[in-house]
Structures are given as structure tokens and as C-alpha cells.
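In: Predicted structure and sequence below. I'll ask about it afterward.
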Amino acid sequence: MYQCKHFKAYELVSKSIYEKRGNKAYQCMDERLLQLLDTLRELLGAPMTINSWQWGGNRKESGLRTPESSYYSNTSQHSYGRAVDFLVEGMTADEVRELIIGWMRDGTIQELCGVESITLELGVSWVHIDVRNNDAGVNSFYP
């Protein structure tokens, strides 16, 4: 089981899932996504926030979403542990997306973690990234 170097399990799941599974909550997440998150954290060199409920923050459903989530959809990549939404300290979502696109195009991400395909959501104030089954390279969608 891959465990992130830069993200605790409670940052990836809801409070109720973490209370039930603890660190085994990593098993609910796609290993490709976990490796991608560690790679992005190292490349960005800045703190990334996914869920912040454990610190009293308002981000509670930005990782795995289960049927109890108000944002649950059975077609969402979040529901399968293949997507997260995040913020990066000191950067806008657009700036982060541009860096990610550049690192995918020049092969940096593929070389560092082996992820060949990512999907980004455009037009939102956070970064949505997922590792769904898609064409190689950068894919995108609008909300």
C-alpha cells in the first residue's frame, strides 16, 4: 500500500472515513493519484491543502467522496479515489494548472511518478486533478 510522503490519510478523506479506517484510508485512493500528489508537492515547493477539517477548516470533501457526501456522484472520479481538489499556498489555481500542464508536456511528471494521463477542471478557483482512464497527456473539462 502506497502512503504519501506529503499528505496524511486524513487530508484525503472525510472525517467519518478517517475515523473508521485511520491510515488504511489510503487503500481507498488510487495509487497513481497518491504518487502524483507527492510529485506535485515536491515540484511546486509550496503547501497544498486538500481537506482541512482536521485543523477546523472548511474543506471537508475535496478528496474521496462517498454516498454520505453532499457532493457525491457515482460518475465522479472523487467517488473512486481518483480525484482531489486542492489549493496551493501563494498561487492561483490558474498558475498551478499552467505549471502542471508544462510538466506534463515536457515529460517531468511521467518521469517522476509514471502518470501518463491527467484531467484538469478549468474555470474554477481550485485545482481539480484526476487520473481517470483517458487519453495520454493533459485532458480537461469545464464545470
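Out: Looks like it arrived, so ask away.
In: When you work out contacts or count neighbours from here on, use the C-alpha atoms and nothing else.
Out: OK.
In: and the spatially most central residue of the chain, what helix or strand is that in?
Out: The centroid of the chain falls nearest to Val84 when counting by C-alpha atoms, centre = their mean (3.0 Å). Using DSSP states H and E, Val84 falls within strand 83-88.
In: what does that strand contact?
Out: When contacts are defined by C-alpha atoms under 8 Å, 6 or more residues apart in numbering, strand 83-88 is touched by residues 12, 33, 46-51, 62-64, 77-78, 93, 96, 126-131.
In: Make a ChimeraX selection of whichever of those residues turn out to be buried.
Out: To isolate the buried members of these in ChimeraX, using 16 or more other C-alpha atoms under 10 Å:
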select :12,33,48,49,50,51,62,63,64,77,78,93,96,126,127,128,129,130,131
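In: circling back to that earlier point, and after the strand holding Val84, which helix or strand comes next?
Out: Criterion used, DSSP H and E; the element after strand 83-88 is helix 93-105.
In: for that next one, which positions count as buried?
Out: Under 16+ other C-alpha under 10 Å, the buried positions of helix 93-105 are 93, 96-97, 100-101, 103-104.
In: Stretch 130-143 too?
Out: 130-132, 138-139.
In: again, but for stretch 9-18
Out: Neighbour count says stretch 9-18 has 9-15, 17-18 buried, by 16+ other C-alpha under 10 Å.
In: Lowest mean pLDDT among the helices and strands of the protein, which one is it?
Out: The helix or strand of the chain with the poorest confidence is strand 137-141; it has a mean of 94 (mean pLDDT, DSSP states H and E).
In: who are the neighbours in contact with Ser62?
Out: 12-13, 50-51, 78, 84-86.
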